[in-house]
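> This is a predicted model, with the sequence first.
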Amino acid sequence: MSAAEAVEANGAQEKILNIENVSLSFGGVKAIRDVSFDVMKGEIRAIIGPNGAGKTSMLNVINGFYHPQEGSITYKGETRQDMRPYIAASQGIARTFQNVALFRGMSTLDNIMTGRSLKMNSNLFWHLWRWGPAENEELDHREFVEHIIGFLEIEAIRKTPVGRLPYGLQKRVELGRALAMEPDLLLLDEPMAGMNLEEKEDMSRFVLDVSAQFGTTIALIEHDMGVVMDLSDRVVVLDYGQKIADGTPDEVRKDQNVIDAYLGETH
Amino acid sequence: MLYREAGQFKTNYRADQAVFPIRQDFIGIAALLAVLFLVVPFTFNDYWLNAIMIPTMIFALAAIGLNILTGYAGQLSLGTGGFMGVGAYACYKLVTIFPEVNVLIHILLSGFFAAGVGFLFGLPSLRIKGFYLAVATLASQFFLEWAFGRVAWLYNYNPSGAIEVPNQYLFGVAIAGAPASSVTRYIIVLTIVVALALIASNLVRGRFGRAWMAVRDMDIAAELIGIRLLPTKLLAFSISSYYAGVAGALMVFMWLGAAEVESFDINHSFLILFMVIIGGLGSILGSFLGAAFIWNLPILLRAMPKYFGADINAATVEHVQFMIVGGLIIFFLIVEPNGLARLWSIAKEKLRRWPFPY
Amino acid sequence: MELLYGIFVDPFVQMWEFPDLLVQVLWEGFVSGTLYALIALGFVLIFKASGVFNFAQGIMVVFGALSLVGLYAFGVPAYLALILSIAIMGVLAYSVERVVLRPLVNQEPIILFMATIGLNYFLIGLGEMIFGGEPKTMITEELGLPKGAWDFEMLGGFVSIQRIDAAAAIIAGILVGGLAIFFNKTRIGRALRAVADDHQAALSVGISLNQIWRIVWFAAGIVALATGIMWGARSDVSFALSIVALKALPVLILGGFTSIPGAIIGGLIIGFSEKLAEFYWGPLVGGSIESWFPYFLALIFLWFRPQGLFGEKIIDRV
């Protein structure tokens, strides 16, 4: 039973995120044109489309890095004209990036610990001595982070600077950092790009496990159609900044617009 | 065989997150501190203390300050000299206004004035990064230099424009001014520097340090995981300037005895920057190594010809020194951008694996 | 009240009542601005083609002037010394490319920037070692540059214009014109612009990056030498100049790091404004504010236009 079915079975069709008529442009270039879609609580939602379709821009709009000129974003029942990075992060939106955006000078452990930033609030005074609340807090969060490290099976590289890790592992650490935020909505930007088959299988399993174990809602961009069709509950298809299809993987696969868009491209 | 962590099992995260998780490191540092506190004061003569130990420690403190800002938080600053000056002049004014309060308290307080000024000049970092920020720090440097020279109130309307350290006593022992012995001043400087270095290393290992490094490595990602950029940067500016300020106050009160504008000019900003680059960006240990290296290199260069019987004049030594420092900076950036601290950790790594070469 | 009057009223009254003084101040501003613009121009040339923010541009100015004066002092005839100085800048460009830039290719801009700070110090040491550290007089006459001043009687007073300043402005104009032709009409110039736009693309069509770098550093060296001669003729040839040269930074912020017209206009804005500020507002706070005024002006400007006058808006991507 997939997550979406589970939600349906409960009869609680709750939207965690609703994008309405969003348009985004840079100067004269229209990156997103009047796109609307929603994400249900607990589902895995895929955003697909040819290169330059506006997928990454869409994620940037959702977590407040870009500010759309038109439309609105409703997250957890609150409607805004645009998101702000800090609000998005503090309300439980986490994110991974297309070209791994890890903190290259820091170890795996520190990178994931950084994901706990919003949960940590011991003050500067204690940190000067690294004593009392400061140390206890560090230890508590270290323990939480160790769970994530165990979950992602990256124990052996915990003290390695991430800059030295192979690409596949970096992507995994980045997922770890996002998970450390205990997100309600997890945005994954091409989590499997540039991976070999084995790594893709690992990553797919992690995505499914995250969804199943933590009940995290996931919105992901992916180019590998096999992966998308297997993982996701529903798919939205963008092309040239416009939404051309929206539905279950099977519906989307048969949609004439989607077939045209993809055949017109080299995919 | 001596340097091996095998057998030292850590049973909790506390032990794993200690300053020196490997026992030999801890022993080594303890031994070094024992030598610095107990052996050096009784064996080194005045020249060695005044020309080498005291300035090295003071510059190391300033370098830690700049390292927090540039090495950890990634904000390039060319204004350290100015911030040191704020500390020095603030301390001077405090001593003038509250002569009954002990000078050691003033030295530690004066850092807060520098922190305030650093905070102000850090505000542009909200919108400016990289080279552009370097201009903001240059603005502070030149403005402060101007203020130290023009605002007569700062130097108590002294006709020479210089600030001079009055004699100060603690429990009857002279601690500042002409009567203070080198040993006393050395112990004071060493204590303050070691304590502040320890605090710095606490800070950079905790959540604040991680936030700084996150901003340094990728500010966009840091923002998207909920780190507020401006407070993080401003904290780095303030703390960095606090360290520079205390270093400046120590420089005047515990080392030079008097100072004027030139003691805090842009060349000092560069000097500290070089210490940080050569010592290692993002390393507290590196700040000490860099300061020791850059400060003592010219002394070594001056002493060298004597041993070989050659007679080279002081001016030539200074020119050669410029060339060597400049050349070394390029060399380090090419070969080992992480500086002396990295070489040290590579050496330790090798030792740990000994006798295997890989 | 008095302060407000001093800031907002009095300076303008003075400008109105003594227009000859105003003209003189503006002329001084124009001359300083030209020199700032020339230094900034050297920065821009290098930054455009190699992305390197060359902190050592100021020292290259001193180094060029020093070589010229030093060679003359060693007994080399003036014009030969000039040619040899140009050759020295060529050697310098070659060495910098070979020793500093090539091993650091693909490093982060900030690392390259710090490397040029190292270069800066190396050149100070080298220059002082060969030519000595004391200030020297520029060989103005020997190079056939004009001396003395024109005094104009105008606006109810006198305006004095140093001939060397006028010559500096003209030579600066010729240099800029020459560079513009070089960039737009020659094959190498076009290659340079290609490299500036996209390193990868330039490489893929067979443009040698190393050669381009040597050429721009050489060009920047010649600009530096010209700047050094002009500046040296106004004051002395000394290393103090390298601190003044830092004022090219606010100029670049105003004009943008990649725009030649920007460098010129930025230089003039800084030149005019710092002299006006110094003369009319400086006395209010004790004078000598031109040491920091340009940096503050640049900061205020940055706040509103982070991309400079001629730069394009930057869109962050993730």
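Yep, it's here.
> Relative to A:Q170, how far out is the residue in chain B that chain A sits nearest to?
Residue nearest to chain A within chain B: B:G226 (3.2 Å; C-beta to the nearest C-beta). Using the backbone N, CA and C atoms, a C-beta is placed for each residue, glycine as well. Applying C-beta to C-beta, to the nearest Å, the value for B:G226 to A:Q170 is 21 Å.
> secondary structure element for C:I171?
Using DSSP states H and E, C:I171 sits in helix C:163-185.
> Between B:G226 and A:Q170, which has more neighbouring residues?
Per other C-beta atoms under 10 Å in any protein chain shown, whichever of B:G226 and A:Q170 has more neighbours is B:G226, with 24 against 20.
> what phi and what psi does the backbone show at C:M138?
When read as degrees, to the nearest 10, the backbone of C:M138 gives phi -70, psi 140.
> Need the per-residue pLDDT for the closest residue to it other than its chain neighbours.
Nearest residue to C:M138 in three dimensions, chain neighbours excluded: C:G232, at 3.4 Å (C-beta to C-beta, 6 or more residues apart in numbering or on different chains). pLDDT, C:G232: 83.
> before we move on, back to that, residue contacts, the residue nearest to the residue of chain B closest to chain A when sequence neighbours are not counted?
Distances taken as C-beta to C-beta, 6+ apart place A:A89 nearest to B:G226, at 3.2 Å, with adjacent residues excluded. By C-beta atoms under 8 Å, 6 or more residues apart in numbering or on different chains, the residues touching A:A89 are A:N63, A:L118, A:M181, B:E223, B:L224, B:I225, B:G226.
> same deal with B:K10?
B:D16, B:P21.
> one more time with 10 Å
B:D16, B:Q17, B:A18, B:P21 (C-beta atoms under 10 Å, 6 or more residues apart in numbering or on different chains).
> Serialize those residues to JSON lines and add fields for distance to chain C.
Shown next, in JSON lines, are the contacts of B:K10 (distance: C-beta to the nearest C-beta, whole Å):
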{"residue": "B:D16", "distance to chain C": "32"}
{"residue": "B:Q17", "distance to chain C": "30"}
{"residue": "B:A18", "distance to chain C": "32"}
{"residue": "B:P21", "distance to chain C": "30"}
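> Low-confidence bits of the stretch 51-200 of chain C, can you list those?
The model of the stretch 51-200 of chain C has pLDDT under 70 over residues C:155, C:199.
> Which single residue of it ends up nearest chain A?
C:E108 (10.6 Å).
> In chain A, which residue is most central in space?
By C-alpha atoms, centre = their mean, chain A has its centre lying nearest to A:L187, at 1.4 Å.
> what do you get for chain C?
Central residue of chain C (C-alpha atoms, centre = their mean): C:I39, 1.1 Å from the mean position.
> For the helix or strand containing that one, buried residues please.
Using DSSP H and E, the element containing C:I39 is helix C:19-50. Neighbour counts over helix C:19-50 (16 or more other C-beta atoms under 10 Å in any protein chain shown) mark C:20-50 as buried.
> Same check on stretch B:138-152?
Applying 16+ other C-beta under 10 Å to stretch B:138-152 flags B:138-150 as buried.
> quick one, what contacts residue 139?
Using chain A here. Counting by C-beta under 10 Å, 6+ apart, the residues that A:L139 touches are B:N12, B:Y13, B:R14, B:D16, B:Q17.
> that's the wrong chain, I meant chain B
B:78-79, B:82, B:121, B:124, C:249-250, C:292-300.
> Quick check: next helix or strand after the helix or strand harbouring it?
Assessed by DSSP H and E, B:A139 sits inside helix B:130-150. Next in sequence after helix B:130-150, counting helices and strands by DSSP H and E, comes strand B:163-164.
> what secondary structure does C:L82 sit in?
helix (DSSP: H, G, I helix; E, B strand; the rest coil).
> And A:S25, by the same measure?
Strictly by three-state DSSP, A:S25 counts as strand.
> Touching, it and A:V61? I think so.
No. Counting by C-beta atoms under 10 Å, A:S25 sits too far from A:V61 to count as a contact (11.8 Å).
> Quick check: neighbours shared by these two?
Joint contacts of A:S25 and A:V61 (C-beta under 10 Å, 6+ apart) are A:A31, A:I32, A:P68.
> Surely the second one is in a strand?
Read it as A:I32. Yes. Assessed with three-state DSSP, A:I32 lies in a strand.
> From A:I47, how far out is it?
11 Å.
> Quickly list what's touching both of these two.
If you check A:I32 and A:I47 against C-beta under 10 Å, 6+ apart, the residues they both contact are A:A53, A:G54, A:K55, A:M58, A:L238, A:K243.
> Now chain A against chain B: closest residue?
Taking C-beta to the nearest C-beta, chain A has A:A89 as its residue nearest chain B, at 3.2 Å.
> how close does that residue get to A:R95?
From A:A89 to A:R95 the distance is 9 Å (C-beta to C-beta).
> Identify the contacts common to those two.
Contacts common to A:A89 and A:R95, judged by C-beta under 10 Å, 6+ apart, are A:N63, A:M181, A:P183, B:L224, B:I225.
> Return the residues in contact with the first one.
Translated: A:N63. Contacts of A:N63 (C-beta under 10 Å, 6+ apart): A:75, A:83-85, A:87-89, A:91, A:93-95, A:185, A:187, B:223-225, C:318.
> So for it, what's the nearest residue that isn't a sequence neighbour?
Nearest one to A:N63, counting by C-beta to C-beta, 6+ apart, is A:A88 at 4.2 Å.
> Now for the one you found, how many residues are close by?
26.
> pretty sure it contacts A:I73?
Yes. Taking contacts as C-beta under 10 Å, A:A88 lies within contact range of A:I73: 9.5 Å.
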